[in-house]
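Participant: Prediction below, plus the sequence it came from.
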Amino acid sequence: MRIRFWLLDITYDMVGDIPEIRMFGITDTGKRVVVCDRSFRPYFYVVPKQDVPMDAVLRGLKKLGLRAKVLSLDVVEKKYFGKPLKVVKVTCQRPPDVPTLREEARSLPFVQDVLEADIRYYMRYMIDNDIYPCTWHEVEVEEIEKPRDWQFDAVYLAKGVPKPIPEMRSVPELKVLAFDIECYNPTGAPKPEKDPVIIISIATNTGLKKLITAEGRRDRDVLWEFVRVIREFDPDIIVGYNSNEFDWPYLLERSKYVKVKLNVSRLNTEPATSVYGHISILGRANVDLYNFAEEIPEIKVKTLENVADYLGVKKKSERVLIEGHEIYRYWDDESRRPLLMRYAMDDVESILGLAEKFLPFAIQLSAITGIPLDQVGAASVGFRVEWLLMRYAYKFNELVPNRVERPAETYRGAIVLEPKPGIHENIAVLDFSAMYPNIMIKYNISPDTYVPPMEEIAPDMVYVAPEVGHRFRREPPGFYRKVLETLIKYRKAIREEMKKYPPTSFEYRILDERQKAVKVIANATYGYCGWTGARWYMREVAEAVTAWGREMIKKTINYATQLGLKVIYGDTDSIFVNYDEDRIRKLIEWVEKELGLEMKPDKIYVRVFFTEAKKRYCGLLPDGRIDIVGFEAVRGDWAEIAKEVQEKTIEIVLKERSVDKAIEYVHRVIEELRSGKVPLSKLIIWKTLSKDLSEYKVLSAHVAAAKKLLELGYKLSVGDKVGYIVTKGSGKLAQKAKPYILVKSIDEIDVEYYIDKQIIPAAMRILGYFGIKEDQLRTGRKQKSLLEFFT
DNA sequence: GCCTTGAAGTTACCG
DNA sequence: ACCGGTAACTTCAAGGCG
């Protein structure tokens, strides 16, 4: 029989000595199925040293491995960095044998290199058969017996390789279950060896809502019930918030202590740690939505309530908020316990809401990159690009380079112009569309088209990068050019197809998320090629891209000036000029004709303000909104009070053009702060721990605060944000920084710090340009006396 | 031993 | 664990001064 299925997840297992690919899918009739393929075998390539005869190579490789670990040796024609190369394909019986066989092969005297021996077996299977997760496939199958403890409608044995059905772009109705756990935590961070799980909240996209609580029972029963609820609802996707880092590890650890098997997978197994630090639950996609929240730069402190609030999923004002360290108090206090219950429900409802926001994009990102849905969020940008490149390499018969450790290398990047300080009226921002990808295409920049300095080649056969002199063959099309061209064409086609549907339709949404996913990958390709960890890394490639970028922007500035436009500022691929439609049109035409790139007006500012600093400006848009770029107001490491002051100052200056009003406003805020009317929450300064506490060379404020938290039993790790408040005291700032959760009263705070080091600098950044002096902003006690002024 | 000053360390932004 | 360019803060240590 033939079935059609949408691929949700993939893995493999050994059945005796046979590796079995297992594809977990949903059929077009809504059945949850497993499609098993036992026909595929792992393999890798051996590159022989030059001048070694192939028969000698084959003879040598025959000794590889014992007990028929190697099934076959085939000489195949591949390309390596664009050059034809004869290699030996070593096909093996068992995936687990590959690492040892690889090392064995590598050590042989006639072997130059071993390639593609580090590609996971199920990824290899998908790449070779053009199978993408989160897409539809058709396959001839026969039903086989379902193991009793597997949770599927049917198990099939594939009688051929599944074939993609590109015209089926829908997404089946997926059963989504959101969950969140609360733990008893009287000593800071909860510890699974002693602290029970007190609440597990659950919400599904079918409307089920449930609190599993430890009220009147041990948490052992909570875990049991959790497993039961999951198995009963049988979700396709399980979502959590930071669940890869917290909920699942905690549940797994805790379940060991209370002796509960967390068999929540469709194969009746426990969740397990897998690649990119994600937790895998066989047969379901376990998605940690925190990974997607991480990609929203506007949200500085990415707590669940902040993200849900920002996305309009659940407003903070309409939910219960409890500080993490207080959870146990709410549990212990019978009168407050209902609040904790409500809090747990608000959390899980928020998570389900986030799933609705993030899953459509996650699904398309998975379908584009080929990384399984449960991994794609956890995979870094570099790996997302790389898996896509590996898919293309296979299509182009190119060998995939090995991942090698390289020392850090630096090279010059983009140009940033000195801004013309002051207020400018009526300014247009023009920028190149997808500048770096288009430069890579235009000059055929790629590791496989690169011509090393020693190699002789006719000048008209190559493009030569300005300043750095790197040369790239004009023909044939390089790897990056082919990939980027395909992506750009593909995105255009998607956008074209979107026009067929109303913007509110399901189809439109899918296509829109898809074109966004394609754009994200295309834009990350330059960054990828300059990443020393990349398989296709080459410094010269990245260096040439930025060199041509500098040339483009310089030429554009020149011509703009010639046309009589005034260039006020520019950064990388943008220029700010006076909004003169005729001249701008001419400039854009010139750019297209002479530089072969597209340039578009991005936005118009009614009024825009620059100080002397680069990468910082603010502007008033025609619709009355205000853009703030680079300034403290958009940074996450300044106190809210200072950011607010700066934002308001900018607004007054740009909209009302009144410096006096702004000063008056700053005075008012300072007075409010002095009289204790500013809430503590506006005084918290958040900073990220970028390394382990022991590695810091200087004791800065957030490190000092982090150490205090640690002493109290809280757990902190790299990447966590520490919120501190500056309190009264003497000595260094670090000594006065106190974790905000320990600050109980407004009387503790160091008012002068917030005035002198937060509010005034933030306001001065703007007002300083208008000749305002710090003392004009300062009010009250600490105004400098004339005497102090002269000493 | 105290104060000034510049380098180093650190974070987070822009495109 | 995607790039370089940039601003701005705090800490730290060297060097000058008394």
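Facilitator: Sure thing, it's come through.
Participant: burial of A:R509, as a residue count?
Facilitator: When neighbours are counted by other C-beta atoms under 10 Å, A:R509 registers 17. Yep, even glycine has a C-beta here, placed from its N, CA and C like the rest.
Participant: Excluding covalently adjacent residues, which one is nearest to it?
Facilitator: A:P360 (6.1 Å; C-beta to C-beta, 6 or more residues apart in numbering).
Participant: can you tell me the helix or strand for that neighbour?
Facilitator: Following DSSP states H and E, one finds A:P360 within helix A:337-369.
Participant: Ok, A:F24 next?
Facilitator: According to DSSP H and E, A:F24 maps onto strand A:18-27.
Participant: How about A:F179?
Facilitator: strand A:176-183.
Participant: Could you export that strand as CSV, CA atoms only?
Facilitator: The C-alpha coordinates for strand A:176-183 follow below in CSV (Å, rounded to 0.1, in the frame of the first residue of the first chain):
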residue,chain,number,x,y,z
VAL,A,176,0.2,20.5,21.0
LEU,A,177,0.7,20.1,24.7
ALA,A,178,2.3,22.9,26.8
PHE,A,179,3.6,22.2,30.2
ASP,A,180,5.4,24.0,33.0
ILE,A,181,6.6,22.9,36.4
GLU,A,182,6.9,24.6,39.8
CYS,A,183,9.2,23.2,42.4
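Participant: elements contacting that strand?
Facilitator: strand A:197-204, helix A:219-233, strand A:237-240, helix A:247-257, helix A:327-332, helix A:337-369 (3 or more C-beta pairs under 8 Å, 6 or more residues apart in numbering; DSSP states H and E).
Participant: so what strands line up beside the shortest one?
Facilitator: Strand pairing for strand A:237-240, using DSSP bridges, gives strand A:176-183 (parallel), strand A:285-288 (parallel).
Participant: Quick one: residues in contact with that strand.
Facilitator: Strand A:237-240 is contacted from outside by A:8, A:174-180, A:230, A:247-248, A:264, A:281, A:284-289, A:351-352, A:354-355, A:359, A:373, using C-beta atoms under 8 Å, 6 or more residues apart in numbering.
Participant: And the helix or strand hosting A:W6, what's buried?
Facilitator: Using DSSP H and E, the element containing A:W6 is strand A:2-15. Neighbour counts using 16 or more other C-beta atoms under 10 Å place A:I3, A:R4, A:F5, A:W6, A:L7, A:L8, A:D9, A:I10, A:T11, A:Y12 of strand A:2-15 among the buried residues.
Participant: And for stretch A:695-707?
Facilitator: Neighbour-count burial for stretch A:695-707 flags A:Y696, A:A701, A:H702, A:V703, A:A704, A:A705, A:A706, A:K707 (criterion: 16+ other C-beta under 10 Å).
Participant: could you redo those as TSV and give each row secondary structure, pLDDT and distance to DNA strand B?
Facilitator: What follows is those, written out as TSV (DSSP: H, G, I helix; E, B strand; the rest coil; pLDDT from 0 to 100; distance: C-beta to the nearest atom of the strand, whole Å):
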residue	secondary structure	pLDDT	distance to DNA strand B
A:Y696	coil	93	4
A:A701	helix	94	9
A:H702	helix	95	6
A:V703	helix	94	7
A:A704	helix	93	12
A:A705	helix	94	11
A:A706	helix	94	9
A:K707	helix	93	13
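Participant: In the stretch 451-600 of chain A, where is pLDDT below threshold?
Facilitator: Along the stretch 451-600 of chain A, no part satisfies pLDDT under 70.
Participant: and the angle for the strand holding A:F179 with helix A:247-257?
Facilitator: Here strand A:176-183 runs at an angle of 60 degrees relative to helix A:247-257 (axes from the mean of the first three to the mean of the last three C-alpha atoms, to 10 degrees).
Participant: so can I have a markdown table of the strands paired with strand A:237-240 showing mean pLDDT, mean neighbour count and distance to A:L71?
Facilitator: Converted to a markdown table, the strands paired with strand A:237-240 look like this (pLDDT from 0 to 100; neighbours: other C-beta atoms under 10 Å; distance: least, C-beta to C-beta, whole Å):
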| stretch | mean pLDDT | mean neighbour count | distance to A:L71 |
| --- | --- | --- | --- |
| strand A:176-183 | 98 | 26 | 42 |
| strand A:285-288 | 98 | 27 | 33 |
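Participant: Please report the confidence value the model assigns to A:E138.
Facilitator: Looking at A:E138, its pLDDT stands at 98.
Participant: Let me know the secondary structure of it.
Facilitator: Following DSSP: H, G, I helix; E, B strand; the rest coil, the label given to A:E138 is strand.
Participant: Just the CA atoms of the strand holding A:W6, as PDB, please.
Facilitator: Coordinates of each C-alpha in strand A:2-15 appear next as PDB, following Å, rounded to 0.1, in the frame of the first residue of the first chain:
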ATOM      1  CA  ARG A   2       1.000   3.600  -0.500                       C
ATOM      2  CA  ILE A   3       0.800   6.200   2.200                       C
ATOM      3  CA  ARG A   4       1.400   9.900   2.500                       C
ATOM      4  CA  PHE A   5       2.900  11.300   5.600                       C
ATOM      5  CA  TRP A   6       4.200  14.500   7.100                       C
ATOM      6  CA  LEU A   7       7.500  13.900   8.800                       C
ATOM      7  CA  LEU A   8       7.400  15.000  12.400                       C
ATOM      8  CA  ASP A   9      10.600  13.400  13.700                       C
ATOM      9  CA  ILE A  10      13.300  10.900  12.700                       C
ATOM     10  CA  THR A  11      15.700   8.600  14.500                       C
ATOM     11  CA  TYR A  12      17.200   5.200  14.100                       C
ATOM     12  CA  ASP A  13      17.800   2.100  16.100                       C
ATOM     13  CA  MET A  14      19.500  -1.200  15.600                       C
ATOM     14  CA  VAL A  15      17.300  -4.200  15.000                       C
END
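Participant: That strand pairs with which strands?
Facilitator: Sheet partners assigned to strand A:2-15 using DSSP bridges are listed as strand A:18-27 (antiparallel), strand A:136-144 (antiparallel).
Participant: So which elements touch the next helix or strand after the last one?
Facilitator: Toward the C-terminus, strand A:136-144 is succeeded by strand A:154-158 as the next helix or strand (DSSP H and E). In this structure, strand A:154-158 makes packing contacts with strand A:32-37, strand A:136-144, judged by 3+ C-beta pairs under 8 Å, 6+ apart.
Participant: Direction included, what does the first one pair against?
Facilitator: Right, the one you point to is strand A:32-37. strand A:18-27 (antiparallel), strand A:154-158 (parallel).
Participant: So what touches the first one?
Facilitator: Okay, so that is strand A:18-27. The contact list for strand A:18-27, computed with C-beta under 8 Å, 6+ apart, reads A:3-14, A:32-38, A:40-42, A:93-95, A:121-122, A:125, A:131, A:137, A:162, A:172, A:174, A:236, A:266, A:282-284.
Participant: and the helix or strand where A:V726 lies, what does it pack onto?
Facilitator: In the assignment (DSSP H and E), A:V726 maps to strand A:721-726. In terms of contacts (3+ C-beta pairs under 8 Å, 6+ apart), strand A:721-726 is packed against strand A:685-688, helix A:701-711, strand A:737-739.
Participant: Close to DNA strand C: what parts of chain A are there?
Facilitator: Selection of chain A residues close to DNA strand C by C-beta under 7 Å from any atom of the strand yields A:380-383, A:409-414, A:416, A:524, A:526-528, A:530-534, A:542, A:546, A:572, A:611, A:613-616, A:697-701, A:732-735, A:757, A:761, A:765.
Participant: Restricted to helices, list those residues.
Facilitator: Per DSSP state H, helices hold the following members of the residues of chain A next to DNA strand C: A:381-383, A:524, A:526-528, A:542, A:546, A:701, A:733-735, A:761, A:765.
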